[in-house]
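Chemist: Got a predicted model here, sequence first, then my questions.
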Amino acid sequence: MEALKQKAKDLLERGEVKAIVGYTKGTGDIRRPYFAQRPEQVDGLVLDEACTQNLATYATKHEVRHLGKLGVVALPVTQRALLQLMAERQIRDGDVIVLVAEEGNVEKGNVKELASAAALEEHLALKTDVMDEKDQELLAKLNAKSREERWAFWHRELSRCVKCYACRNSCPMCYCDHCTMDCNRPQWVPVASHDLGNFEYHVVRAMHLAGRCVECGECGRACPVGIPVHLLTFFAEESVHRQFGQRAGHSAKLDYALSTFRPDDKESFIR
Amino acid sequence: MADTFELSHEALNGLFAALRKDGRRVLAPVDSDGRTELNEVESPAQVAKDYLQTILSAKEVVFPKVERLLSYTTGPGKVELKDPEPKALPTVLFGVRPCEAAAFGALDAVFNWDTRDSFFNARMAQIAVIGLSCTKADAACFCTTVGGGPADTRGSDILLSPIEGGFLAEVLTEKGRSIQALAPELFQDGRGIDKTAVKLDKAFDQPALTAKLPGMFDSALWVDQSLRCIGCGACAFVCPTCVCFDIQEEADPKQGQRLRCWDSCGYRMFTLHASGHNPREVQSQRWRQRIYHKFSYYPERYGMLGCVGCGKCTRACPVDMNLREHLVETSEMKA
């Protein structure tokens, strides 16, 4: 922990970053996002297994960007999201300094500073990249259901949705200034949180994240009523992976699978 | 002074049966796929055990997330307007926590401020509240700081407090007495029995906070506190007193309906003008609005607080914006 605090302090003192985005102790045992803007504030930093949130969300948030260059204490999910944000040209290579705990545990290992996309890519390439076991199980269970059963499952779950947009706003890849959901001329998707409005919203969101979802599960954790919405985007991401062989969040130079045309495409209809 | 009775666990079975026989649906906290929700039940056995609170509040019963205000059809040279069918069913809300029961007063203040809201009032007229005192609290709770308490009777028609073998029942209102009258034999004399509830210390001096807020409008505190806020509506939607709504028209050339949907002052779009100007352009202004609305504007306008200290917003927040903690911090700031 001291290594992280020292690194963060150095960066702030040298003026290399204006703020460190990390975690601190929150209510009870939970950890919450934390912003150290002055060297003495680094003492509040915490990094342990209770830290889950994908902090890349803040890299595109106006109020946080406004602070100046950021240092981000990054879990693997945050690292992937930052790379994907670079691939989508939302942040530039070198816009943020990424602080990672080697061996994933800040108490055991050192803290590494990754200042470029290349360094991030190299670091991530060493990680075995699998979905949370619990989520794999949930997805497998859903896939094993019949279409009617799946429909019933999502109908029940989505009936709970109140359209608070915690899933969208917590998602690092949902950075649009003007989300399709907020467009009212024309009104593409019903605003009301009735069956149709809820279904359309979640299906549109899953489609918009197909090939872009870094599978952090933040949307599911954020949902106040406990809907496992992340399974929708995970499913979309996995099917893009199966069909196009690429995953979001592994390279800062990733072409978006669903909007990229290649002359050697194996499908003939597109030529 | 309320009439106090003893209501045993067995008697509660009889009470639920009597309520249902009287044509009332009973809504109570139930464990639904691992979540505590306010759903319809048939017997006390279906009520969640040992719950702290439901995720959403009892507000949804009188102010649903989507409410149809009117519908219409159009034809050549005519428009036919239809009032929606009244959906206010006789309902007993069982096991509502005292904080949420008190929140109906804050909703009423807005819905009957100038125009009397017929939808809200129709639903309110049909509900009766059987509150349940709290035997535990968590780090988000602060009812005692905002004039409530774990065994506070405000807003309940009958308040139950757990005692050995059942509950102490305080019958508080006419609606409460009408419930008791459905099965008077179930209510045993309870005079002299003490009600007990969890103890909860005050977290801050609320009147002092309300007094100092007008002088803190330009404080940097709001920027600091809201930096991690992601601007979703989770806090507002689980809140038992948040009343903001949006009117949506869903229409095609032949027919349409006008809907009232929950909205939140935390959204950027909430105050966005058609011109593109936004008086609350950044999240800190929206966060400040939330605090001021509940702790400054509500007292000023309605003579009551717009917060009951239930802590739902804190529990629902994806980034742990702990309201109680933020209010303590605000109280401790030098004005």
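Modeler: That came through, no problem. Numbers count the residues shown, from 1 in each chain, chains lettered A, B, ... in the order given.

Chemist: Can I get stretch B:84-98 in CSV, CA atoms only?
Modeler: These are the backbone C-alpha positions of stretch B:84-98, laid out as CSV (Å, rounded to 0.1, in the frame of the first residue of the first chain):
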residue,chain,number,x,y,z
PRO,B,84,-57.7,6.3,-17.5
GLU,B,85,-59.5,3.7,-15.5
PRO,B,86,-58.9,4.2,-11.8
LYS,B,87,-56.3,1.7,-10.7
ALA,B,88,-56.4,2.6,-7.0
LEU,B,89,-57.1,-0.7,-5.3
PRO,B,90,-57.9,-1.0,-1.6
THR,B,91,-54.5,-1.8,-0.3
VAL,B,92,-52.8,-2.5,3.1
LEU,B,93,-49.1,-1.8,3.2
PHE,B,94,-47.7,-4.1,5.8
GLY,B,95,-44.3,-3.9,7.4
VAL,B,96,-43.5,-0.4,6.2
ARG,B,97,-40.7,1.1,8.1
PRO,B,98,-41.5,4.2,10.1
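
Chemist: which residues in the stretch 151-271 of chain A form strands?
Modeler: Listed in chain order, the stretch 151-271 of chain A contains no strands at all (DSSP state E, counting those that start in this stretch).

Chemist: got any ranges where it has weak pLDDT?
Modeler: Within the stretch 151-271 of chain A, the set of residues satisfying pLDDT under 70 comprises A:271.

Chemist: same thing but at 90, please
Modeler: In the predicted model, the stretch 151-271 of chain A carries pLDDT under 90 at residues A:177-178, A:183-188, A:244-246, A:250, A:254-271.

Chemist: So which bits of it are right by chain B?
Modeler: Within the stretch 151-271 of chain A, the positions adjacent to chain B are A:156, A:160, A:162-166, A:168-170, A:182, A:190-194, A:197, A:218, A:221-222, A:224-226 by C-beta under 8 Å from any C-beta of the partner chain. C-beta here means a position set from N, CA and C on the backbone, and glycine is covered the same way.

Chemist: Swap in 7 Å and give it another go.
Modeler: Applying C-beta under 7 Å from any C-beta of the partner chain, one finds that the stretch 151-271 of chain A approaches chain B through A:162, A:164-166, A:169-170, A:182, A:190-194, A:221-222, A:224-226.

Chemist: Now list the buried members of those residues.
Modeler: Using 16 or more other C-beta atoms under 10 Å in any protein chain shown as the burial test, these include A:162, A:164-166, A:169-170, A:182, A:190-194, A:221-222, A:224-226 as buried.

Chemist: need the residues of chain B near chain A, please.
Modeler: Of all the residues in chain B, those in contact range of chain A (C-beta under 7 Å from any C-beta) are B:35, B:55-56, B:65-66, B:139-140, B:227-228, B:230-234, B:237-238, B:246, B:248, B:250, B:259, B:261-262, B:269, B:282-284, B:314, B:316, B:318-320, B:322.

Chemist: mind listing which of those residues are in helices?
Modeler: Among these, the residues falling in helices (DSSP state H) are B:234, B:237-238, B:283-284, B:314, B:316.

Chemist: In CSV, list the residues you listed along with neighbour count, distance to residue A:21 and pLDDT.
Modeler: As requested, these are arranged in CSV below (neighbours: other C-beta atoms under 10 Å in any protein chain shown; distance: C-beta to C-beta, whole Å; pLDDT from 0 to 100):
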residue, neighbour count, distance to residue A:21, pLDDT
B:234, 30, 21, 98
B:237, 30, 27, 98
B:238, 27, 26, 98
B:283, 23, 15, 97
B:284, 20, 17, 98
B:314, 23, 21, 98
B:316, 25, 22, 98
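
Chemist: Tell me which two of those sit farthest apart.
Modeler: Maximum pairwise distance among these (C-beta to C-beta): 21.8 Å, between B:238 and B:284.

Chemist: before we move on, the earlier item: so which of the residues of the stretch 151-271 of chain A next to chain B sit within helices?
Modeler: Secondary structure defined by DSSP H assigns A:166, A:169-170, A:221-222 of those to helices.

Chemist: residue ranges with poor pLDDT in the stretch 151-300 of chain B?
Modeler: Confidence mapping of the stretch 151-300 of chain B against pLDDT under 90 gives the ranges B:196.

Chemist: Next, count neighbours for the residue nearest to residue A:16 when sequence neighbours are not counted.
Modeler: With sequence-adjacent residues excluded and distances taken as C-beta to C-beta, 6 or more residues apart in numbering or on different chains, residue A:16 is closest to residue A:97, at 6.7 Å. Residues near residue A:97, counting by other C-beta atoms under 10 Å in any protein chain shown, number 20.

Chemist: Could you pull up the mean pLDDT of whichever helix or strand residue A:97 is part of?
Modeler: Counting by DSSP states H and E, the element that carries residue A:97 is strand A:96-101. Mean pLDDT, computed over strand A:96-101, is 94.

Chemist: Name the residues that touch it?
Modeler: The list of residues contacting strand A:96-101 from outside it, by C-beta atoms under 7 Å, 6 or more residues apart in numbering or on different chains, reads A:4, A:7-8, A:11, A:16-17, A:47, A:59, A:70-74, A:79, A:82, A:109, A:111-115, A:120, A:123.

Chemist: Filter the residues you listed down to the buried ones, PyMOL style.
Modeler: To isolate the buried ones among the contacts of strand A:96-101 in PyMOL, judged by 16+ other C-beta under 10 Å, type:
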select buried, chain A and resi 4+7+8+11+17+47+59+70+71+72+73+74+79+82+111+113+114+120+123
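
Chemist: Next step: the contacts of strand A:96-101 restricted to strands.
Modeler: Secondary structure from DSSP state E places A:70-73, A:111-114 of those in strands.

Chemist: surely residue B:188 meets residue B:6?
Modeler: Yes: counting by C-beta atoms under 7 Å, residue B:188 touches residue B:6, with 4.3 Å between them.

Chemist: Settle it for me: which of these two has more neighbours?
Modeler: Set side by side, residue B:188 and residue B:6 give different neighbour counts by other C-beta under 10 Å, the larger being at residue B:6 (19 against 13).

Chemist: The helix or strand hosting that one pairs with which strands, and in what direction?
Modeler: With secondary structure defined by DSSP H and E, residue B:6 is part of strand B:3-8. Strand B:3-8 has its sheet partners listed here by DSSP bridges as strand B:166-171 (antiparallel), strand B:188-189 (antiparallel).

Chemist: Could you report the neighbour count for residue B:97?
Modeler: One way to gauge burial is a neighbour count; for residue B:97, by other C-beta under 10 Å, it gives 29.

Chemist: what's it in contact with, if anything?
Modeler: Counting by C-beta under 7 Å, 6+ apart, residue B:97 makes contact with B:53, B:132, B:134, B:310.

Chemist: For the first one, which non-adjacent residue is closest in space?
Modeler: To tie it back to what came earlier, the one meant is residue B:53. The shortest distance from residue B:53 to any residue other than its chain neighbours is 5.6 Å, reached at residue B:97 (C-beta to C-beta, 6+ apart).
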